[in-house]
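**Student:** give me coordinates for this.
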Amino acid sequence: MDPSPQFQADHDSLTQILDLLSPEIGTLEEQRQKQQRLNELSESLEFCCYLALIFGEGTDQDTLIRQKAGLALKSQLDAYFSQISPEMIEYCKGMIIKAYESDEKVICETAGNAISLILFRGGLNIWPDIIEFLTTKLSSDNDSSIYSAAKAICFIIEDSSKAFEEPKYAEDLEMLLPALSSILMQQPAKDDNIRSIVIHTINMMIIMNTDVVYRNTEGYLKILLDIIQEDSTKLRTRAVQGLTNILDFRMELALSHYESLFEVMLECLKLKDQEVALASAEFWSGLAINRMENDEDDKKRIELIEKVLPILSPILLECCRFAEADRIASLPFNNEDANVYDENYYEDQEDDVDEEEYSQLQGLSTLRRASAFAFEKLATVSPDTIFESIKPSLEQYLQNDDDQEGREASIVILGAICEENGPTVQLEQHLSTLVPLLFNFLSSEHSKIKISTTWTLSKFSDWISNNTAEEEMTVYVEKLCVLMKDSDPELCESACCSLSDILEYAGEKLAPSIGIIAMTYSQICSTYSGRCLMALLDVVGLFVEIFAEQLRDPQAMELIITPLITKLNELSENDKILIPVLKCVKEVVKVFGNMLDTAFVDIIQKCLKIISQVTNCLTIEGNTQEYDVNFAIEAFPLLTEVFKNWENISSIAESDYFSILTKILSLNCLNQNSGQTEINSSGNITTSFGKFDSSRISYKQNCFSHINFSHKYLPNEILEPYIESILKSLCDSLMLYNENPGNKRELTSIANNACLTIGNIALKIKADIKISLSPVYKELNIILNNKTLDKGLAKHCCFTLGKLGLVDPKSSTEYLQSFIKPWCICMRYLPANVEKYQSFTGICEIIKNNPKAIIETFDFICEAIYEYPDAPEDLQRTFKIILQSFKDNSGESWVQFYCALPQEMQQKLSEKYEI
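**Tutor:** Residues are numbered from 1 along each chain as shown. Below is the predicted model:
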């Protein structure tokens, strides 16, 4: 490759950086000083060149120092790529190639990572000869060199696969793909690690939409069919994944080899090796999920599925037996493991090509889960056939007391082959026999049987609610309540989920079970945590919603609220499970209202403690305590719900409520870490960019939303002392939006909430407002005249202007002429509602105070009035006064004004307003 440009390093600076990168562990203070100095150096773009020099030519240095320099170089390039000169990039490239030629495997691999990063950030054009360079390394006699080249290519393909679809890179692919394929065909066979990376790389290339890949796919398919016969788990797994990719993206080709393909995939499922069998199970899912474009071809796909199902289904059922991998995957969750933001959250992780980490990918999914998922998807293609194909095995295992594992797997399959809305027609015909049998299994001695049974029965909840006698339904609920008290947390969670489902479908039919459900909940709430508690909270939410009237009895209500408030108070302010608990308390407060008056003080104190902790973390300079604004964001709506129902709301003035609000309102939304750099334990330098902190914006706008919804419940005498500071903060947020045009998207939400809150508070306080609203009018005017204004924000600005007109019309005098035109344009087509009525009424008050300001925009006002034909009578009278006043004051010019309006508008306005 071409020689890189030269860089003249300062000896002292180089020595200092080497010392900072040294792996020697000093005191905490020494580490802090090193970190601070690295942060300072990283602000200089030349720092990249020093790191590149150490990485590429520091052969006399410790390997760890070189690796750390390489990792730091990669992160520095990532952070500042657009600012680094082409000459510096070229120098770094040269040093990275030198590092790549190193005999040290870890240095070579780090160089491959850096190569991939440069191509990802700068595009393939930035290093046009790198693919050729790496391809030549694939034919090396040195296996270590081949491995490093294959791994670098793998990273490049992973990061830039879409770019390779451009025609100009066809030559690179023509050279690369055969070189990779030849490694797989060499005899004697190359090392398994090399071939595994090569297969993984080609697997990613299969998804490319290029002629080169298209032409070579069939040959690659045949290679994979040979490799899949080998003994290596690693290679077999990669080969099955490759065949699955071909199925996904070239199904017509895959199905043209269906006999040999299906044969090897069925054999892979039978293997005791979980990884290979799991990959094979995913193949069958892909066959079910992916449709073919041509309807006739797709019919053939379905026919092939139905043809293989009698053989496939019993094998898949065996794969659903509980194994060690499933035991690990089902270990109990604590509160920190619970994902409280999205209960269906699943973190998808790509296979990493690092062979040392390859085995750690087990547990992300298991053969049992993949097989059950395959059953679920195959059932959507051929629901009746799949039940018939599995029926003999189900009958055998469900009746066999000696094979509990087989019974448990069969129960899982019964649930898996249900459609989204319940059992298939074929399966439903057997539920009258199956459901009583499953009810009996709830009393099994085996915990896994009970867990799977509760899950499967939940799939039948709709059928059970409509086809089960009241007595049997009561027994079913009683059994679920017993299971909810079990010592196995997974069983408790599953039982809670099943109870939620039957509550949802059966509703008031479960009235005879109110007592046992309430009593069970009160007994177990204190012992539950993590996902179990989340599932229980779902039960409580549904339960109180369905049986609100029946639970208004003081004794029943005590069973519900006391354990919930106790749980709320015992949780720390940064416990993740706190979020679903707050949501549940809010639902309970919404149902029972002021009947919970005695619990409101505890709820408010907890909410204020949560909000105060987050606020302090955000406002105290130099604070290093971790925080999550979502805790406080969830506390705000609960506070609002309590305010709505609290008879003793005036006592809120005695709490810290307003002092905390004042802190939040003064919160700076700027990113406090903007531009700061730090180096992590792996040697990666990370830099924080962005003018605004999204979490601060979200926090503040949620506070505004709380004020907007809750102020109406606060007496004026309590609110009045804080009105000036509240309105000023809201106005400042509008100003922030106006002064940062480059950040409109992230600031729109806070401006929206500020608008709404200003209008509603002003309307509530009215005569008690002792400050001028002129600054607010000014900011609203600027927003409304913005050419790229968000429609939602425009609407809220218009509503707020009208509400302010009802409170202080005189302060808007100097801005009326400027905002009246965009106001009319926005308002003319909005549907009639209270907000529109208030806005028009307020604007009319403003016009009365400055009628001359509308002369130039009179036609827009006429159009807005014309488009509001169903305005209330009092507003129509006001329209008439304004129109006639304008006519009287226009004199001879009136005819000119009026004749400029469309004919239909003239006629309608004349008829309605006598002008």
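
**Student:** K766: neighbouring residues, count only.
**Tutor:** 11 (other CB atoms under 10 Å). (Each C-beta comes from the backbone N, C-alpha and C, glycine too.)

**Student:** that one touches G805, doesn't it?
**Tutor:** No - assessed by CB atoms under 8 Å, K766 is found out of contact with G805, at 11.9 Å.

**Student:** for I223, list the residues it contacts.
**Tutor:** 181, 184-185 (CB atoms under 8 Å, 6 or more residues apart in numbering).

**Student:** do you know how far it is from L784?
**Tutor:** I223 is 65 Å from L784, where distance means CB to CB, to the nearest Å.

**Student:** what ranges does the protein have for its strands?
**Tutor:** For the chain, the strands defined by DSSP state E occupy 677-679, 685-687.

**Student:** what residues are up against the closest residue to H257 other than its chain neighbours?
**Tutor:** Nearest non-adjacent residue to H257, counting by CB to CB, 6 or more residues apart in numbering: L221, 6.5 Å away. L221 is in contact with 243, 246, 253-254, 257, counting by CB under 8 Å, 6+ apart.

**Student:** what do you get for T237?
**Tutor:** T237 makes contact with 275-276, 279, according to CB under 8 Å, 6+ apart.

**Student:** just name the closest of those residues to D19, please.
**Tutor:** Nearest to D19 among those: E275, at 45.2 Å, using CB to CB.

**Student:** what about the closest one, how many neighbours?
**Tutor:** Neighbour tally, E275, other CB under 10 Å: 20.

**Student:** for I246, see how far away it is.
**Tutor:** Using CB to CB, E275 is found at 19 Å from I246.

**Student:** next: E814.
**Tutor:** In this view, E814 and I246 are 71 Å apart by CB to CB.

**Student:** more neighbours, the two?
**Tutor:** Higher neighbour count among E814 and I246: I246, with 24 against 13, using other CB under 10 Å.

**Student:** does that one touch A254 like I think?
**Tutor:** Yes - contact between I246 and A254 holds when scored by CB under 8 Å: they sit 5.0 Å apart.

**Student:** can you show me the helices along the stretch 401-550 of the chain?
**Tutor:** Ranges of helices within the stretch 401-550 of the chain are 404-416, 425-428, 431-441, 447-459, 461-467, 470-484, 489-506, 514-524, 530-546, based on DSSP state H, counting those that start in this stretch.

**Student:** which one of these has the poorest average confidence?
**Tutor:** When the helices of the stretch 401-550 of the chain are compared on mean pLDDT, helix 425-428 scores lowest, with a mean of 84.

**Student:** so which residues make contact with that helix?
**Tutor:** Outside helix 425-428, the residues within contact range by CB under 8 Å, 6+ apart are 383-384, 387-388, 414, 417-418, 422, 463.

**Student:** then that helix to PDB, C-alphas only?
**Tutor:** What follows is helix 425-428, C-alpha atoms only, in PDB (Å, rounded to 0.1, in the frame of the first residue of the first chain):
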ATOM      1  CA  VAL A 425     -60.500 -24.400  15.100                       C
ATOM      2  CA  GLN A 426     -59.000 -27.900  15.200                       C
ATOM      3  CA  LEU A 427     -57.600 -27.500  18.700                       C
ATOM      4  CA  GLU A 428     -60.800 -25.900  20.000                       C
END
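
**Student:** gap between that helix and the chain center?
**Tutor:** 36 Å (CA atoms, centre = their mean, to the nearest Å).

**Student:** what residues of it count as buried?
**Tutor:** Burial within helix 425-428, assessed by neighbour count using 16 or more other CB atoms under 10 Å, is assigned to 426-428.

**Student:** repeat that for stretch 888-901.
**Tutor:** Buried, per 16+ other CB under 10 Å, within stretch 888-901: 898, 901.

**Student:** can you report the mean pLDDT over the residues of it?
**Tutor:** 87.

**Student:** for the lengthiest helix in the chain, name the packing helices and strands.
**Tutor:** The longest helix of the chain (DSSP state H) is helix 295-319. Helix 295-319 sits against helix 251-256, helix 258-270, helix 274-289, helix 367-381, helix 383-398, helix 404-416, with contacts defined as 3 or more CB pairs under 8 Å, 6 or more residues apart in numbering; DSSP states H and E.

**Student:** need the pLDDT of E355.
**Tutor:** Predicted confidence (pLDDT) for E355: 40.

**Student:** one more: N743?
**Tutor:** 79.

**Student:** mean confidence for stretch 164-183?
**Tutor:** 91.

**Student:** any buried residues in it, and which?
**Tutor:** Residues 164, 169, 172-173, 176-177, 179-180, 183 are the ones in stretch 164-183 that count as buried (16+ other CB under 10 Å).

**Student:** and if you look at stretch 9-19?
**Tutor:** Within stretch 9-19, the residues scored as buried using 16+ other CB under 10 Å are 17-18.

**Student:** what's next to that stretch, contact-wise?
**Tutor:** The contact list for stretch 9-19 (CB under 8 Å, 6+ apart) reads 37, 41, 47, 49-51, 53-54, 58, 61, 65.

**Student:** over to stretch 480-497?
**Tutor:** Under CB under 8 Å, 6+ apart, the answer for stretch 480-497 is 330, 332-333, 442, 447, 450-451, 454-455, 458, 498-499, 502, 516-517, 520, 523-524, 528, 530-532, 535-536, 538-539.

**Student:** residue ranges with poor pLDDT in the chain?
**Tutor:** For the chain, the stretches flagged by pLDDT under 70 are 1-5, 24-26, 328-364, 420-421, 621-627, 671-691, 767-770.

**Student:** now for R327: which residues touch it?
**Tutor:** Contacts of R327 (CB under 8 Å, 6+ apart): none.
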